[in-house]
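Visitor: turn this into a structure:
(2 chains)
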There are 2 protein chains.
Amino acid sequence: MKLGGYKNRILRVNLSNYTYSIEPLNEKMILDFIGGRGFAIKILYDELRPGIDPMSEQNKLIFVAGPLAGTNAQSFGRWKVFFKSPLTGTYFKSSGGGYLAAEMKFAGFDIIIIEGVSDKPVYLWIHDGKCEFRDASYLMGLDCDDTHTLIREELGDPRIRIACIGPAGENKVKISGIFSDRRAAARGGGGAVMGSKNLKAIAIRGHEKVEIADPEGFSEAVKAQIQMYKSNPAFEGFKARGTQIAEFTNLLGMFPTKNFREGVIQGWENIEGEEFDKYRVRKTGCHSCMLHCGNLSKVNYGKYKGAWSEGPEYESIWAFTGTISLPDVGLTIALDKLCDDLGLDTISTGSSIGFAYELYEKGIISKDDTGGLELVYGNDEPLVKLIKQIAYREGFGDILADGTREAAKKIGKGAEKYAIQVKGLELPAYDPRGAKSHGLNLLTSNIGADHNSGYAPQEIFNVPIPRPVDRFAVEGKGEITKFNQDLTAFLETGILCSFPPSMGMINAEVYGKLVSTITGIKDFDDPEYIWLVGERIYNLERIFNVREGFGKKDDSFPSRLISEPLPSGPASGQVFEQDDLLKDYYKVRGWDLETGVPTKDKLKQLGLDFALEYGK
Amino acid sequence: MKLGGYKNRILRVNLSNYTYSIEPLNEKMILDFIGGRGFAIKILYDELRPGIDPMSEQNKLIFVAGPLAGTNAQSFGRWKVFFKSPLTGTYFKSSGGGYLAAEMKFAGFDIIIIEGVSDKPVYLWIHDGKCEFRDASYLMGLDCDDTHTLIREELGDPRIRIACIGPAGENKVKISGIFSDRRAAARGGGGAVMGSKNLKAIAIRGHEKVEIADPEGFSEAVKAQIQMYKSNPAFEGFKARGTQIAEFTNLLGMFPTKNFREGVIQGWENIEGEEFDKYRVRKTGCHSCMLHCGNLSKVNYGKYKGAWSEGPEYESIWAFTGTISLPDVGLTIALDKLCDDLGLDTISTGSSIGFAYELYEKGIISKDDTGGLELVYGNDEPLVKLIKQIAYREGFGDILADGTREAAKKIGKGAEKYAIQVKGLELPAYDPRGAKSHGLNLLTSNIGADHNSGYAPQEIFNVPIPRPVDRFAVEGKGEITKFNQDLTAFLETGILCSFPPSMGMINAEVYGKLVSTITGIKDFDDPEYIWLVGERIYNLERIFNVREGFGKKDDSFPSRLISEPLPSGPASGQVFEQDDLLKDYYKVRGWDLETGVPTKDKLKQLGLDFALEYGK
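Guide: Predicted coordinates for the structure are as follows:
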């Protein structure tokens, strides 16, 4: 039987000499890694020499669409981009929604590998199995929306899908992302990598179909998936508001406020779901997803009147409120759009700003450093200017443009302790002290403090799978964290969005049916097997990082989260018990307790024999 | 034979009660007025009660596509919008390019008449013969580009064509226009009329074809038109640069500088065609037009680095250079886009700014009036702020937002003499003293100082049709002006763009062939008849204005142009001999010499018996 799902084509582009080739997928890679995130780590592990500079021509940028993208299976419209991160130095995966992944498949490709560096600004025009290198000089300096518009006009087709960088990526800002129709693969500095390659955008359009190996079985599987969505108690609420629900973490006392000093923002009612209802213009969504969780928001009064955004998501809401202690919806909408235009990651941008506000309060920096900006809690005046300075690497923004870890090094004077990051990636809007598995995931995720690598719905939404948990408990959190991380890893072979699993809307059985019927590979129908693939992916990523020199020493929070109890609110008194939690996690993972490195036995068990030399 | 060209449908929309009807065209109107501008003045004359307030619900907004729009005849992609102008109080026609007119035809309509006032912000969704009223609350305050994007996203079709207003139109700024894909029907305050109706946009999409009565004859006519284009000596140059050629009027000494005090800008070489070549990204064009005269421009260095615009056209180049005496290409690109975003007419905006700069120099206004802005020649610092103030009616901008005539009244202190306008419409970038027929047209145009109502290529480009002329001569200019005005009037029944006739690229014979073969109406093949229609249209517009109280007293330039000779340059010493020129013009027109009103005899001769009561 012919394989379905895959287009069986990798587009490999070399920007240094403006050539490209088309390669088939490797059969063993398909069987061992299913697709998406699995393919990407295998390729990066095989092809990226250890120790390379992420901003050099040795780095690669790998855009991946999963086998289920472009079909009527639900929520598989995610595209992922993989690279060695200039922000963290680790392997990195970053993910965006919208329509790009489906269009990649329609254009005939599962994977686009971008190598080398162009000596002039270019963009790629990828259409129906072909690739053109096109001059992008005129696009340089343009914001992401304008870049979309002008490329579509140049190529004469408004239905073209685009992924591009904004001025921030061009300026190699390490907290810049890659944007497609206002949806972003924001984290980890993918924008800077793309900028370092002189690649302003990729434009994609195609007319192929995605073949389905077993149409009848697939149709049944999609029905089962939809049924599972609809019967989930969170379904209707999530459809209505998406992630515009800042109350949920405030009610748990883990909404990071004033640079993670507090867990509740004063006046959180001003940014709760009902408030955002007043600003919502309409719902928006991604290719083939009934959740339709996006929001088009518009400000009709007050200081930010006229501002609009596709968003803001929960994380972006937090990024401009919790950080400066000012719960204002209009502010979040205006700055979310500003970051989308400039091509910045809202989480790291907001977090860097929160870091700067605390340094200002502590007297570590002053007006002399900020060029006159008064970074005082509750004062939003400096933000538009400061965010532009970050994107254009001007003034004080140039320091924040490399993220908090590097900024702290440059600033000195003890600033390091206020950089709230793991492995260089700024923490998102969940205080690890309020949910220990959540924290453990942030601590151990292969890309730094990423909430989506192993989101713990057990702690946040009381999802009782595999069992109910106490969010403050230490015991058993290694197992829960591994469960969530491995689950996410195999779901991201599809590539599934991270929202359905974060509410318990999918499981290995349904996923296995989808991926086995579309591909025609029976092994994938075995839940045990796909759990194994998830763990395999997770461990190979870890090994990639081990090869780069990462280990237990890097699985560490800043001291605040370990030794300063949350001062008030529903999580009052909690700290993050790092040592105990980490030991438990390594044990469950089968990793060496002293170094955090996977054992050779574990690698063998996962079929990662080719990586044995880096095991313990 | 069935008529071709026309869709034979008028869409009549009433915003006051959210209803619409569809009416056929009137047969006599077709025969008497051919289409486009002809239809519009007949409808406005019949339907607009004299003396109405242009900003009231009595005013109507009439969008018109000509019988040749949507076909492969060249340069007929113009849409026109007609109304009583809040800036001038006269009948008004304003015109935009792009793809809107063709789409109107594809959607099934020749004419869209918009009546009444909506009690909430709406936009119209006109598709395939139907019309929907849709909520536009969320679009209010958005710039024109964003409005296009969000409507297309809402309706799920990126190929929809849109005409909308920006913040300036919403704020009823009288120098605001209506914008479609960055092409504008900019002049006369159509934006304010649309804003007063609470109509943010019309969105159009259709799939009908335009029927051709005599396909073979039409094909021949189009070939003849193309041949006439190609054989014109200006064709290649115009294709290459469009109107980005500010040198041509500087070399004639009639590039208005410092509010029409001088006719040459110092350093004009900095804004000549070759300079703009360095900023051009690509050529752009309108539906079915081989001239493709548009320019996408981008600034890659200097103060305005990163700015881009579709344009600027010659007039916009002048509007931000001659007015403040600073020839800077980057400046023109940045401000052209700013006006496109905000929805402002660049000519009147620039002219109002030039007016303010002179008042500032003369001490009539000071920093106290401008809120600290230093309006000193050569200083472009205040412009971005001032233009935003105009669009949002803030600070000093609120005064300029009504155009120079009203602004001068408010300011007093003799400011009136510095308002360079006719009938309230600011003069474009041609000093009337340097080309007398050009001036005579500006003086007598039915919409105020509009260069496109009777552009004199005889004077500017030495086009020897109907005969060569001396641009400084007074004698014979009445005849030349009538020739150009009537020619323009019948060409705008099509609706032809104003550029081909401004270079002598079309004549009545070719036009007659096009319009007769598409419609199937043989009378239109008679050049004498279509010249008569041109004169008929022109006179009916004049009568509309007479009915509103306009006459000879309003055909008057500010004293500077009449009594201050140009101080230097190739047109040094020239004044505009208003009395002699006007008398000659009225005589040629067959209008009463004392009042400037068409005689009853003239009206009868033109078949305008229904308007006899207003004749002299």
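Visitor: distance check, A:Pro327 against B:Lys120.
Guide: From A:Pro327 across to B:Lys120, the span is 30 Å (C-beta to C-beta, to the nearest Å). (C-beta placed from N, C-alpha, C; glycine too.)
Visitor: same drill for the two, tell me which one is more crowded.
Guide: Between A:Pro327 and B:Lys120, A:Pro327 has the larger neighbour count (other C-beta atoms under 10 Å in any protein chain shown), namely 26 against 11.
Visitor: what's that one in contact with, if anything?
Guide: A:246, A:265-271, A:321 (C-beta atoms under 8 Å, 6 or more residues apart in numbering or on different chains).
Visitor: give me the three-state assignment for it.
Guide: Classification of A:Pro327 using DSSP: H, G, I helix; E, B strand; the rest coil returns coil.
Visitor: do the same with A:Tyr529
Guide: Here A:Tyr529 is recorded as helix under three-state DSSP.
Visitor: in stretch A:62-72, what counts as buried?
Guide: Buried positions in stretch A:62-72, judged by neighbour count with 16 or more other C-beta atoms under 10 Å in any protein chain shown: A:62-71.
Visitor: how about the residues of chain A near chain B?
Guide: Residues of chain A lying close to chain B by C-beta under 8 Å from any C-beta of the partner chain are A:137-138, A:140-142, A:145-146, A:149-150, A:152-154, A:158-159, A:167, A:281-282, A:284, A:296, A:298, A:300, A:305-306, A:308.
Visitor: now do stretch A:591-607: distance to the chain's middle.
Guide: Mean C-alpha position of stretch A:591-607 versus that of the full chain (C-alpha atoms, centre = their mean, to the nearest Å) differs by 26 Å.
Visitor: to clarify, my last question referred to stretch A:524-543.
Guide: On C-alpha atoms, centre = their mean, the centre of stretch A:524-543 falls 20 Å from the chain's centre.
Visitor: got the buried residues for that stretch?
Guide: Buried residues in stretch A:524-543, counted by 16+ other C-beta under 10 Å: A:524-525, A:527, A:529-543.
Visitor: with stretch A:505-520 instead?
Guide: A:505-506, A:508, A:510-520.
Visitor: let me see the contact set for whatever residue of the stretch 351-500 of chain A ends up closest to chain B.
Guide: Closest contact between the stretch 351-500 of chain A and chain B, by C-beta to the nearest C-beta, is at A:Tyr392 (9.3 Å). By C-beta under 8 Å, 6+ apart, the contact set of A:Tyr392 is A:167, A:171.
Visitor: from A:Thr370, how far out is it?
Guide: Using C-beta to C-beta, which is the criterion applied here, A:Tyr392 is 15 Å from A:Thr370.
Visitor: distance of A:Ile212 relative to chain B?
Guide: Here A:Ile212 is placed at a distance of 25 Å from chain B (C-beta to the nearest C-beta, to the nearest Å).
Visitor: same thing with A:Tyr585?
Guide: From A:Tyr585 to chain B the distance is 44 Å (C-beta to the nearest C-beta).
Visitor: quick one: that residue and A:Gly478 touch, right?
Guide: Yes: counting by C-beta atoms under 8 Å, A:Tyr585 does reach A:Gly478; the two are 3.8 Å apart.
Visitor: what touches both of the two?
Guide: Taking C-beta under 8 Å, 6+ apart as the criterion, A:Tyr585 and A:Gly478 both touch A:Leu440.
Visitor: just the buried ones from the contacts of A:Pro327?
Guide: Buried residues within these, counting neighbours by 16+ other C-beta under 10 Å: A:246, A:265, A:268, A:271, A:321.
Visitor: which residues touch the fourth one?
Guide: Yep, that's A:Ile271 we're talking about. Listed by C-beta under 8 Å, 6+ apart, the contact set of A:Ile271 reads A:246-247, A:265, A:317, A:321, A:327-329, A:332.
Visitor: need the max-distance pair from the residues you listed.
Guide: The widest separation within the contacts of A:Ile271, taken as C-beta to C-beta, falls between A:Glu247 and A:Asp328 and amounts to 15.3 Å.
Visitor: need the CA coordinates for stretch A:480-488. CSV is fine.
Guide: This file holds the C-alpha atoms of stretch A:480-488, laid out as CSV (Å, rounded to 0.1, in the frame of the first residue of the first chain):
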residue,chain,number,x,y,z
ILE,A,480,3.3,13.2,35.6
THR,A,481,5.8,15.4,34.0
LYS,A,482,7.2,12.5,31.9
PHE,A,483,3.7,11.6,30.9
ASN,A,484,2.9,15.1,29.7
GLN,A,485,6.2,15.6,27.9
ASP,A,486,6.2,12.3,26.1
LEU,A,487,2.5,12.7,25.2
THR,A,488,3.3,16.1,23.8
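Visitor: ok, residues contacting that stretch?
Guide: So stretch A:480-488 is contacted by A:437, A:440-441, A:444-445, A:452-459, A:466, A:469, A:498, A:501, A:508, A:531, A:534-535, A:538, A:585, A:588-589 (C-beta under 8 Å, 6+ apart).
Visitor: redo that, cut-off 6 Å
Guide: Contact with stretch A:480-488 is made by A:437, A:440-441, A:453-454, A:456, A:458, A:466, A:469, A:534-535, A:538, A:585, A:588-589, as judged by C-beta atoms under 6 Å, 6 or more residues apart in numbering or on different chains.
Visitor: can you give me the strands for the stretch 201-350 of chain A?
Guide: A:280-284, A:294-298, A:308-310 (DSSP state E, counting those that start in this stretch).
Visitor: and the strands in the stretch 51-200 of chain A, which stretches?
Guide: All strands of the stretch 51-200 of chain A, identified by DSSP E, counting those that start in this stretch, fall at A:61-65, A:79-84, A:91-96, A:111-115, A:122-127, A:130-135, A:161-164, A:178-180, A:183-185, A:199-205.
Visitor: closest one to B:Trp125 among these?
Guide: Nearest to B:Trp125, of all those, is strand A:161-164, at 24.7 Å by C-beta to C-beta.
Visitor: quick check: mean pLDDT across that closest one?
Guide: On average, the pLDDT along strand A:161-164 is 98.
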